[in-house]
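Asker: generate a structure from the sequence data that follows.
(one chain, ligands or ions: 2)
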Amino acid sequence: MRKKIDHSYTDEIVCPYCGYKSSESYEYEWDDGELECNECGKEFLYCREIEVTYTTTKKDCVSNGEEHDFVFDHEYDYVQKYGKNKDTDKWEDTPLPPEEHEHVIVHKCSKCDSTENERTPLKKEEEV
Ligand SMILES: [Zn+2]
Ligand SMILES: [Zn+2]
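Answerer: Residues are numbered from 1 along each chain as shown. Ligands and ions are numbered 1, 2, ... in the order given. Coordinates of the predicted model:
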């Protein structure tokens, strides 16, 4: 019974005839070529496959000498859970009074991934 030789997508060059595995495949300068097996002496062809991928990320518009094109993305009410105590100058986990809550409108640049927050005081219900 003939042994099945794994010689495709291997990490080293494997002789397709006898299965001899070269330990210095990386030393071959060319990405494809002809080889003579060190073990069985038969000639065969090899092809080196290298998978190269690229990832790109947009730079800030300003880097490209352009102006941001901010468009509305989403908005939310920012109700702080803690704030600075004006008397002790310490941050405390006591909620800020409602008049210091903010309504935040987030604008996102349509050309890059920059965001800009527009903060306005959150008005109380009865003032609207
Ligand atoms: Zn061989
Ligand atoms: Zn931009």
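Asker: then residue 63 would be within a helix, right?
Answerer: Yes - under DSSP: H, G, I helix; E, B strand; the rest coil, residue 63 sits within a helix.
Asker: show me the domain layout of this structure.
Answerer: 1-50, 61-123 (automatic domain parsing).
Asker: tabulate those domains (TSV), appending mean neighbour count and mean pLDDT.
Answerer: Where you see a C-beta, it was placed from the backbone N, CA and C, and this is true even at glycine. Formatted as TSV, these follow (neighbours: other CB atoms under 10 Å; pLDDT from 0 to 100):
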stretch	mean neighbour count	mean pLDDT
domain 1-50	12	89
domain 61-123	12	85
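Asker: distance to ligand 1 for these - can I get that in TSV?
Answerer: As requested, these are exported to TSV (distance: least, CB to the ion, whole Å):
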stretch	distance to ligand 1
domain 1-50	3
domain 61-123	54
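Asker: understood, closing this out.
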